[in-house]
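*Asks:* A predicted structure for the sequence below; I have some questions about it.
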Amino acid sequence: MGTMSNSGKSFVTAGLLRVLKQDGYKVCPFKSQNMALNSYITEDGYEIGMAQAMQAQAAGTKPSVYMNPILLKPNSDTGSQVILNGKVMGNMPAKEYFKKKKELIPHIKKAYEELAKEYDICIVEGAGSPTEINLKENDIVNLGLAEILDCKAVLVGDIDRGGVFASLYGTVELLEEHEKNRIEGLIINKFRGDVSILAPGLAMIEEKLKKKVLGTIPMARIDIADEDSLSERLTDKKEQKAVDIAVIQFRHISNFTDFDALERFDNVSLRYVKSAKELKNPDIIILPGSKNTLADLLDIRQNGLEALIMRRAKEGALVIGICGGYQMLGECLEDSCNAESGKTERGMGLLNTKTVFEENKKTLQVKAKLICNEACFDRLQNKFVEAYEIHMGRTKIMGEERALFELFDGGFDGAINKEGNVFGTYFHGLFDNGDFTYALLSHIAEKKGIALSEVSDIKEYREKEYDKLADLIRNNIDMKEIYRIIGI
């Protein structure tokens, strides 16, 4: 558990899973309820939080819907789309969902029991803080879940923001006695500096709470998928490099982990921009996924970003739309089924396509071959990519545009304009395909007289990052105590 959101629960969970996997145990993550707009599609077509998919990969196992039976995807300030057992249950205001939470306990227990049949150890991650006292009555994700599963707990605090001792102390002291008894230790995360300076504070917090500090994790740059909109990736203002990429940071941006692979090139900069003044003159503009496509389209129309994107496209910049961003690039978006607002809106008109929203969400992993013959893809004709789809709409090509991909099942995906500088696709995870990404960026770099740096295969790279994370955990956490808590 964490004292607050973004304290590092997902990070520590992934690290512990990697250590236990290295030690020979069959391990898995579990998060009963996750609220995030970054999601992943399992091999069998179920939608779960990206954090649990990342943790499963760190654990050396395949992501499963049992690892995250409830996913909440905020689509307004007061409501979310509720994903139950990997499929859409419906859109619910927060109050309505709060009333239904107890009804979901059997689903949570079943998912956990399925994991328990297969794995030696399951690390359960909480959400937010366990002391949101207005939510404790129907808690199904923090200590309420610990009661249901009868498991022990470790509390993580973030020292980088300051006040870590107060937040650890206040969190524990707001708990009932039987809840306090479940907490077996404390972890301090994101420390900068000499850990010996912390010694008096560590001794005092142990004395006051009668809980052992299991370790202090230093601040480290480990490149693993981020869970939500609190990610530092979205706020880090990077300098512009030889090849400059701007990702439009929608209010309801989803699956921004799609673009992590683009950050690994030395001479490529990836910036997230919210306003017209931040856009500048990028070589590539990416419109990402959105959990409320129509609202986000109207936002960029009102704040001037749409006009600038259209101007840069006419000047020859490469404009890419992924999922909701792909839908925005077209002529028209029709929501007659009331998936979002129930309205029809004109699109940006950069692609001659029309999108009709549908009630049923399409969730599946895909394999497809590239069939367009644009210069940026000339080395990739008929080469395959792997990706996944998560969307509630169908996009039809209306004019001279051509499809980008032919799917294994004989269908087609995406569209590209006749000039070859605007394209869209429903494929999430597209840039994890190294050949595709290198060809695309090399085309831009070569036009500017630049040699693009080579990078390792994304899967190999991630395995190395998980191992770095395991080293960080081993070197800074008392693993003997962790094994004692687990009961091994």
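*Replies:* Good, I have the coordinates. Numbers count the residues shown, from 1 in each chain.

*Asks:* just the helices in the stretch 151-300 of the chain please.
*Replies:* 164-173, 177-180, 199-209, 276-279, 293-302 (DSSP state H, counting those that start in this stretch).

*Asks:* Now do the strands in the stretch 251-400 of the chain.
*Replies:* In the stretch 251-400 of the chain, the strands defined using DSSP state E, counting those that start in this stretch lie at 253-254, 268-273, 284-287, 289-290, 318-322, 332-334, 344-346, 353-370, 384-397.

*Asks:* so can I have a markdown table of those showing distance to residue 449, mean neighbour count and mean pLDDT?
*Replies:* In short, each C-beta sits where N, CA and C put it, glycine included. Shown next, in a markdown table, are the strands of the stretch 251-400 of the chain (distance: least, C-beta to C-beta, whole Å; neighbours: other C-beta atoms under 10 Å; pLDDT from 0 to 100):
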| stretch | distance to residue 449 | mean neighbour count | mean pLDDT |
| --- | --- | --- | --- |
| strand 253-254 | 33 | 26 | 96 |
| strand 268-273 | 15 | 21 | 96 |
| strand 284-287 | 17 | 24 | 98 |
| strand 289-290 | 33 | 27 | 97 |
| strand 318-322 | 17 | 25 | 98 |
| strand 332-334 | 39 | 18 | 97 |
| strand 344-346 | 39 | 14 | 96 |
| strand 353-370 | 26 | 18 | 96 |
| strand 384-397 | 28 | 19 | 96 |
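
*Asks:* coming back round to it: tell me which of the helices of the stretch 151-300 of the chain sits nearest to residue 481.
*Replies:* helix 199-209 (12.6 Å; C-beta to C-beta).

*Asks:* Distance from the chain centre to the closest one, please.
*Replies:* 35 Å (C-alpha atoms, centre = their mean, to the nearest Å).

*Asks:* cool, stretch 241-261 as well?
*Replies:* With C-alpha atoms, centre = their mean, you get 12 Å for stretch 241-261.

*Asks:* Give me the buried positions along it.
*Replies:* By neighbour count with 16 or more other C-beta atoms under 10 Å, stretch 241-261 contains the buried residues 241-250, 252-261.

*Asks:* Stretch 468-483 too?
*Replies:* Buried residues in stretch 468-483, counted by 16+ other C-beta under 10 Å: 468, 469, 470, 471, 472, 473, 474, 476, 477, 479, 481, 482.

*Asks:* what's the farthest-apart pair in those?
*Replies:* Pairwise distances across these (C-beta to C-beta) peak at 22.1 Å, for the pair 468 and 481.

*Asks:* in stretch 136-153, what counts as buried?
*Replies:* For stretch 136-153, by 16+ other C-beta under 10 Å, it's 136, 139, 140, 141, 142, 143, 144, 145, 146, 149, 151, 153.

*Asks:* Tell me the one of those residues nearest residue 437?
*Replies:* Using C-beta to C-beta, the buried residues of stretch 136-153 come closest to residue 437 at residue 141, 35.7 Å.
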